[in-house]
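> sequence below, structure please.
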Amino acid sequence: MKVTMFKSRTPKKFNFKTRYYNPDEDERKRRLAKSMRTKEDYDFNADDFKDEMKYRWDLHDSVANQIAAGEVIQRPASAVKELIENAIDAGATDIKLIIKDAGKSLIQVIDNGSGMSPTDARMSFERHATSKIKEAADLFAIQTMGFRGEALASIAAIAQVELRTKRSEDEIGTQIDIEGSLVKNQTEVVCNTGTIFSIKNLYFNTPARRNFLKSNQAEIRHIQEVFVRTALVNPQLRFSFFEEQRQKFDLRITHW
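Alright, predicted model coming up:
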């Protein structure tokens with residue numbers, strides 16, 4: 001559309017060369033000016049930032065574990081999955097799962113597996129401490145549910161954990177209490193052969209992650225899916241599931 005050349009009626013943005021009104025003229029000029037910037041326009045002196053750059057340090061293990069926990073333990077069902085898989089790897093034939101408050105107040109897994117020695121029980125909470133592999137070649141012959149050795153360290157970083165375990169050849173077992181990656185207590189205890197792993201107050205020190213959780217019904221549904229899926233592919237084992245002291249599942253051994 002052409003515009004009549006009267007000064008009083010000349011638009012604010014007017015291109016006299018083409019005699020057309022161009023509303024994008026300012027934007028075009030701005031982009032053109034930006035594209036013509038030279039390298040010197042972006043150069044800076046690193047010495048001006050020395051004060052900000054000189055303070056660097058390695059993260060403490062507890063902080064690193066909390067960061068890793070956000071990826072490994074995304075919800076209570078993730079912790080249930082890790083503990084049940086550990087029980088299966090330990091050779092258990094009877095696995096019991098107990099939860100309260102959709103797993104936020106308590107997740108407890110009881111098994112009759114091989115148990116652990118006092119040293120192995122303590123080492124199991126170290127990052128990347130595993131009995132499943134020793135060298136890279138073992139990665140091509142994995143026959144266990146897990147092998148990285150991150151799960152227990154991640155769980156202990158964001159919960160209050162109690163571990164009771166005993167091997168069949170030992171007369172007495174071991175109890176370890178951990179809170180936020182810090183070992184509070186390690187003592188001898190009388191218990192049956194196997195392992196009792198209790199997770200209390202999940203995400204107690206990461207409230208943002210706890211607030212991210214869905215409703216109790218949704219979290220319980222995720223836990224049931226993990227429990228049932230694991231039980232169905234292991235019919236040679238017995239699985240039982242208790243929620244708020246009520247038995248919901250009792251999946252006994254199936255003989256083919």
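
> these two touch, right, Asp250 and Ser240?
Yes: between Asp250 and Ser240 there is a contact under CB atoms under 8 Å: 5.0 Å. (Glycine included, C-beta is placed from N, CA and C.)

> neighbour count: the two, which is higher?
The neighbour comparison of Asp250 against Ser240 (other CB atoms under 10 Å) goes to Ser240, with 18 against 11.

> how near is the more buried one to Gln247?
7 Å (CB to CB, to the nearest Å).

> with Ala87 instead?
18 Å.

> the two: who's more crowded?
More neighbours surround Ala87 than the other of Ala87 and Gln247, with 27 against 11 (other CB under 10 Å).

> doesn't the more buried one belong to a strand?
No: counting by DSSP: H, G, I helix; E, B strand; the rest coil, one finds Ala87 to be helix, located in no strand.

> got a list of what the nearest residue to it once chain neighbours are set aside touches?
Excluding its sequence neighbours, the residue lying closest to Ala87 (CB to CB, 6 or more residues apart in numbering) is Asp111, at 3.7 Å. Counting by CB atoms under 8 Å, 6 or more residues apart in numbering, Asp111 makes contact with 87, 90, 92, 94-96, 194-195.

> just Gln247 next, same as before
Contacts of Gln247 (CB under 8 Å, 6+ apart): 240-241.

> same list (the contacts of Asp111) but as TSV, adding pLDDT, secondary structure and distance to Ala102.
Below are the contacts of Asp111 laid out as TSV (pLDDT from 0 to 100; DSSP: H, G, I helix; E, B strand; the rest coil; distance: CB to CB, whole Å):
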residue	pLDDT	secondary structure	distance to Ala102
Ala87	93	helix	21
Ala90	90	coil	26
Ala92	95	coil	24
Asp94	96	strand	24
Ile95	97	strand	20
Lys96	97	strand	18
Gly194	96	strand	25
Thr195	96	strand	23
